[in-house]
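Novice: using only what follows, build the 3D model:
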Amino acid sequence: MLMQAWHIIWSTYGSWLPGDPRGFRNRDHRIHSSGDYKVPPPPGEHAGLHRHAREISPDAVIVSELLRPKISESIREALHRRETDHFAISVSDKHVHLLMQTELGYEELKLLAGKLKTISSLSIRSELPGNVWARGGYFGRIESENHFNATRHYITRKQEPGAFVWDFELGSWWMT
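Specialist: The predicted model follows:
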């Protein structure tokens with residue numbers, strides 16, 4: 001099988017609920033907004049659904065700056081043990097970005113992401129017990145060298161302040 005690069009994103013539990021004003025798609029796209037995070041839907045679209053989701057869901061999990069290095073390192077070590085090429089990792093208050101190369105197909109990649117979520121949440125269990133990560137995530141196939149470079153730049157240079165970043169090529173960590 002050929003190696004394929006992927007951009008993987010997952011969010012913290014409760015941080016992106018149905019009806020979110022930034023746009024949303026539920027499982028199997030049964031309900032979805034007319035916009036997305038780049039071009040948000042009209043104000044108030046699915047406001048009732050979002051209000052209902054907020055009523056039955058706890059506040060969003062926020063990963064403190066102190067825990068972000070621990071999460072990053074647990075992901076990096078897990079990928080290193082699997083001998084998977086990983087190029088960039090970013091952990092912020094509500095989500096993780098990962099740029100990696102693997103021979104795994106889409107379904108196997110989703111399983112790997114689930115394992116990485118488990119490993120990283122166990123690494124901070126004493127400081128942040130309970131559910132840390134939401135189900136699912138984004139799994140974007142990297143289509144070209146330009147796409148790869150743009151994604152790597154986005155993950156390592158364009159995250160919000162306080163994100164903890166690993167860049168494989170530089171071999172270093174830093175806080176944005």
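
Novice: residues of the longest helix along the chain that come out buried?
Specialist: If you go by DSSP state H, the chain has its longest helix at helix 106-123. Using 16 or more other C-beta atoms under 10 Å as the test for burial, helix 106-123 gives 109, 112-113, 116-117, 119-121, 123. Backbone N, C-alpha and C define where each C-beta goes, glycine included.

Novice: in TSV, list these along with distance to Thr102 and pLDDT.
Specialist: Listed next are the buried residues of helix 106-123 as TSV, based on distance: C-beta to C-beta, whole Å; pLDDT from 0 to 100:
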residue	distance to Thr102	pLDDT
Leu109	7	94
Leu112	8	95
Ala113	11	96
Leu116	12	97
Lys117	16	97
Ile119	16	97
Ser120	18	97
Ser121	21	96
Ser123	21	96
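
Novice: just send these back as JSON lines, with distance to Arg135 too.
Specialist: Formatted as JSON lines, the buried residues of helix 106-123 follow (distance: C-beta to C-beta, whole Å):
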{"residue": "Leu109", "distance to Arg135": "15"}
{"residue": "Leu112", "distance to Arg135": "15"}
{"residue": "Ala113", "distance to Arg135": "10"}
{"residue": "Leu116", "distance to Arg135": "14"}
{"residue": "Lys117", "distance to Arg135": "9"}
{"residue": "Ile119", "distance to Arg135": "16"}
{"residue": "Ser120", "distance to Arg135": "15"}
{"residue": "Ser121", "distance to Arg135": "13"}
{"residue": "Ser123", "distance to Arg135": "19"}
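
Novice: can you tell me what sits against the first helix or strand past the longest helix of the chain going along the chain?
Specialist: The element immediately downstream of helix 106-123 (helix or strand, assigned by DSSP states H and E) is strand 138-141. For strand 138-141, contacts defined as C-beta atoms under 8 Å, 6 or more residues apart in numbering pick out 4-10, 106, 109-110, 113, 151.

Novice: no further questions, thank you.
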